[in-house]
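In: Here is my input; please provide its structure:
(one chain, ligands or ions: 2)
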Amino acid sequence: MARAQYKIFLADYLNPLNDKTCSWVRQGALVARLRSDGSYKWCFIGKEKEALALYGQKPDIEVCEFPGGIISPGFYDMHFHWVQDEVRTMPKDSLLKWLSEYTWPHEAKFKSLDFTKKKAKTFSNDLLKAGTIGGACYASIHGHSVDWALKEFKGDYIVGNVLMTMNSPKYLTQTKSQALKLIKSKSNKYLKKYAMTPRFAPTTHPEVMTEGSQVAKKNKSFIQTHLSETKNEINYVLGLYKEHKGFEKVKSYTEIYKKCGLLGPRTIMGHGIHLSKDELTMLSKSKTAVAHCPTSNAPVKDLGLGSGLFDFKKVEKAGVRWALATDIGGGPFLSMLDVIKSFVTQNKTKKVSGATYTKALYRATQAGAELLQLSKTRGNFQKNKLAHFIILEKPSLKKEDKAEDVLKRMLRGNRENLGELVSQTFLNGESVYQNN
Ligand code: GUN
Ligand code: FE
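Out: Ligands and ions are numbered 1, 2, ... in the order given. Prediction:
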């Protein structure tokens, strides 16, 4: 079927611009034009009336209306483990115990190619259903768990096989040369879509991190790992590295990664909750980013790992870039809407000001696209960006509501799975998921 020259999408819309500003337009319109490369890109963002006056008479136009919906940019989930869907709600009284008792035995199942293929297909749909259209993803140690994620997931993902060469169970341990071989083959093949992924300092030999970083940087691949998630973990890491030649004098967790050459503008550290001023300076100077995972860090009673509250003010003051993430399965929910709500409520409970819904939406969309270095064409609604968006269920609203009120009304109550508020997901002007 021939594709229309123009597509007009009519609904109220939210457009997150920065931490403080999110446009909220009632009876809005987003118009996309078909380009010669087959993409649909926005050519108009504004009011329905004006859009119809400008484009309504064009001969080749398709009009889509969403009367009960709100248009929003799709989400970027900047730290999640696609191989941990089944351990999201396992007991989490300690990070290291949860890893060794539930998570690692489950990740071992991805040794089977057949299991991996099947799961990649269903999980790909689960992402679209949640309104997630890109992000930074951890696979298992197995090379094919990277291949199948990149093959099946629709949108913009970077994916890496976790590197586990020490302090790991026998069934999930690679030799240093196996790990390096995998890094080289995947980074050479996938370039900017690959992320060199030491699981975290305890499980990956510094030689592998060092050589792996060089390969990643040469290919402009990304680098991702876990940093300072819990206090126990930090003590464990510093204790271990005291015994490593060349690391005897290291003072902090971040310094270990710095010494291995991991830091840089294409590096994303998961968590970063317990960081000193010096560590934040190292991250800021190297332009290293942090993925903040509120639902994973949440108290155990809320199905998180109880890791603590991320100090976004301190991180921002230090000039460190950050975006939101689910951390599936440390995080119990697939949906970035749960992450947004958790960010707001946890900060509110601790009486931290400035953690608004507006800010959280920005950090779940445009800020993620920025970390992926894709924000010129993705992340929010601006002319010449791609027609990627989602439809959210509209709550009952008041005329005077602002963006902050709209999000608050949408996410209030005790709904089990906020992801259900996503009724459709569009990539490049085409519907790729529709509920019911
Ligand atoms: N630290 C090392 N591995 C993991 C993991 O899989 N999940 C979380 N949350 N933290 C980690
Ligand atoms: Fe994680």
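In: What is the end-to-end distance of stretch 326-338?
Out: Using CA to CA, to the nearest Å, the span of stretch 326-338 from its first residue to its last is 8 Å.
In: for stretch 136-146, same thing?
Out: 12 Å.
In: Then stretch 241-249?
Out: Across stretch 241-249, the terminal residues are separated by 9 Å (CA to CA).
In: Could you give the separation of it from the chain centroid?
Out: Taking the mean of its C-alpha atoms, stretch 241-249 sits 33 Å from the chain's own mean (CA atoms, centre = their mean, to the nearest Å).
In: quick one: buried residues of it?
Out: Using 16 or more other CB atoms under 10 Å as the burial criterion, the residues of stretch 241-249 that qualify are 241, 244, 247. (C-beta placed from N, C-alpha, C; glycine too.)
In: Using TSV, lay out those residues together with pLDDT.
Out: TSV is the format used below for the buried residues of stretch 241-249 (pLDDT from 0 to 100):
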residue	pLDDT
Tyr241	97
His244	93
Phe247	97
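In: Check those against ligand 1 and report the nearest one.
Out: Taking CB to the nearest ligand atom as the measure, ligand 1 sits nearest to Tyr241 out of the buried residues of stretch 241-249, at 15.4 Å.
In: what's the lowest-mean-pLDDT helix or strand in the chain packed up against?
Out: Sorting the helices and strands of the chain by mean pLDDT, DSSP states H and E puts helix 95-98 at the bottom, at a mean of 94. In terms of contacts (3 or more CB pairs under 8 Å, 6 or more residues apart in numbering; DSSP states H and E), helix 95-98 is packed against helix 231-242.
In: Determine the set of other helices and strands touching the helix it packs on.
Out: Using 3+ CB pairs under 8 Å, 6+ apart as the contact criterion, the elements in contact with helix 231-242 are helix 95-98, helix 253-259.
In: any idea which of the ones you listed is most buried?
Out: Per-stretch averages of neighbours, counted by mean count of other CB atoms under 10 Å, single out helix 253-259 among the helices and strands packed on helix 231-242, with a mean of 22.
In: Let me know the next secondary structure element after that helix.
Out: Past helix 253-259, heading to the C-terminal end, the next element that is a helix or strand (DSSP states H and E) is strand 267-271.
In: just checking, what packs against that next one?
Out: The elements that strand 267-271 packs onto, with contact taken as 3+ CB pairs under 8 Å, 6+ apart, are strand 75-81, strand 222-227, strand 289-292.
In: which residues of the stretch 1-150 of the chain fall in strands?
Out: Secondary structure of the stretch 1-150 of the chain (DSSP state E, counting those that start in this stretch): strands located at 6-16, 22-34, 40-47, 61-72, 75-81, 132-139.
In: Most tightly packed of these?
Out: Of all the strands of the stretch 1-150 of the chain, strand 75-81 has the most neighbours on average by mean count of other CB under 10 Å, namely a mean of 30.
In: That one: how far from the chain's middle?
Out: For strand 75-81, the distance between its averaged C-alpha position and the chain's averaged C-alpha position is 2 Å (CA atoms, centre = their mean).
In: What are the neighbouring residues in contact with Ser276?
Out: The contact partners of Ser276, by CB atoms under 8 Å, 6 or more residues apart in numbering, come to Ser252.
In: and what of Arg415?
Out: Leu421.
In: That one looks like it's in a strand, true?
Out: No - counting by DSSP: H, G, I helix; E, B strand; the rest coil, Arg415 is not part of a strand but coil.
In: gap between it and ligand 2?
Out: 25 Å (CB to the ion, to the nearest Å).
In: do the same with Lys154
Out: Applying CB to the ion, the value for Lys154 to ligand 2 is 22 Å.
In: residues from the chain in reach of ligand 2?
Out: For the chain, the residues in contact with ligand 2 under the definition CB under 5 Å from the ion are 270, 327.
In: Looking at the chain, which helix is longest?
Out: Of all the segments of type helix in the chain, defined by DSSP state H, the longest one is helix 113-129.
In: got the buried residues for it?
Out: For helix 113-129, a neighbour-count test (16+ other CB under 10 Å) marks 116, 119-120, 123-124, 126-129 as buried.
In: tilt between that helix and strand 75-81?
Out: Helix 113-129 runs at 150 degrees relative to strand 75-81, counting by axes from the mean of the first three to the mean of the last three CA atoms, to 10 degrees.
In: could you give the mean pLDDT of helix 113-129?
Out: Confidence over helix 113-129, taken as the mean pLDDT, stands at 98.
In: Excluding covalently adjacent residues, which one is nearest to the residue of the stretch 251-400 of the chain at minimum distance from ligand 1?
Out: For the stretch 251-400 of the chain, the nearest residue to ligand 1 under the criterion CB to the nearest ligand atom is Gly330, separated by 2.9 Å. Once flanking residues are discounted, Gly330 sits nearest to Ser296: 3.8 Å by CB to CB, 6 or more residues apart in numbering.
In: Double-check that that neighbour belongs to a helix.
Out: Yes - counting by three-state DSSP, Ser296 is part of a helix.
In: hang on, it packs against Thr326?
Out: Yes - counting by CB atoms under 8 Å, Thr326 is a contact partner of Ser296 at 7.3 Å.
In: list the contacts for the closest residue in space to Pro169 that isn't next to it in sequence?
Out: Once its chain neighbours are removed from consideration, Pro169 has its nearest residue in Trp104; the separation is 5.6 Å (CB to CB, 6+ apart). Contacts of Trp104 were listed using CB under 8 Å, 6+ apart, and they are 168-169, 172.
In: Quick check, pLDDT for Trp104.
Out: The predicted local distance difference test score for Trp104 is 98.
In: Please identify the residues of this structure in proximity to ligand 1?
Out: With CB under 6 Å from any ligand atom as the criterion, the chain meets ligand 1 at residues 81, 95, 99, 103, 199-200, 226, 229, 296, 327, 330.
In: can you tell me the helix or strand for Gln346?
Out: helix 336-349.
In: tell me the angle of that helix relative to strand 61-72?
Out: Compare the direction of helix 336-349 with that of strand 61-72 by the same axes, to 10 degrees and you get 30 degrees.
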